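**Student:** curious how this folds, go ahead:
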Amino acid sequence: MSTNAIADVQHTAAPVAHTRLRLTRRGRVVFTTLAAVPVLLCVGIAMLNGGQASAGDRAANVHFDTVTIQPGETLWQVAEDTAPNSDPRDFIQDVVSLNALNGSAVQAGQEISIPTQYEH
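**Tutor:** Sure, this is the predicted structure:
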């Protein structure tokens, strides 16, 4: 009888129930909010700080004059007329940089900015 009692105990044990995690609508809202808050904070901070250029504390004091290019005139000729005591290559490099030109080619009627250090 003792053998039957042990066998009955083993077969009568309750089966283990495998349940899935089920989230209610409220639970999904809570988890979504918890995930979205850090992302929104990072985006907000980036927006507040992203609008500033922080190259330095001082504003650049760049002064310049403008010159209108005449028909057939080149930057080399403008350099010789405007800054006869300076190297024309330095003048052209500064003018191209100041005006954000793709190269040293200019067109008639184009207004270019000349740094005041080259004014005579």
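**Student:** residue 79 contacts residue 93, correct?
**Tutor:** No. Using C-beta atoms under 8 Å, residue 79 is not in contact with residue 93; the gap is 10.0 Å. C-beta here means a position set from N, CA and C on the backbone, and glycine is covered the same way.
**Student:** more neighbours: those two, which one.
**Tutor:** Using other C-beta atoms under 10 Å, the more surrounded residue of residue 79 and residue 93 is residue 79, with 22 against 13.
**Student:** my guess is the more buried one is in a helix, correct?
**Tutor:** Yes. Assigned with DSSP: H, G, I helix; E, B strand; the rest coil, residue 79 falls within a helix.
**Student:** so what's it up against?
**Tutor:** 86, 88, 91-92, 95, 118 (C-beta atoms under 8 Å, 6 or more residues apart in numbering).
**Student:** again, only using 10 Å
**Tutor:** Shown in contact with residue 79 (C-beta atoms under 10 Å, 6 or more residues apart in numbering): 86-92, 94-95, 104, 114, 118.
**Student:** okay, and residue 95 sits in which element?
**Tutor:** Element membership of residue 95, judged by DSSP states H and E, is helix 88-99.
**Student:** residues of stretch 66-84 that come out buried?
**Tutor:** By neighbour count with 16 or more other C-beta atoms under 10 Å, stretch 66-84 contains the buried residues 67, 69, 73, 75, 78-79, 82-83.
**Student:** report all helices and strands that the helix ranked longest in the chain contacts.
**Tutor:** Counting residues, the longest helix found in the chain (DSSP state H) is helix 25-50. If you count contacts as 3 or more C-beta pairs under 10 Å, 6 or more residues apart in numbering; DSSP states H and E, helix 25-50 packs onto no helix or strand.
**Student:** give the rounded mean pLDDT of the following helix or strand past it.
**Tutor:** Under the assignment DSSP H and E, the closest C-terminal helix or strand after helix 25-50 is strand 64-68. For strand 64-68, the mean pLDDT works out to 84.
**Student:** sheet partners, orientation included, of strand 64-68?
**Tutor:** Paired with strand 64-68 in the same sheet, following DSSP bridges, are strand 111-115 (antiparallel).
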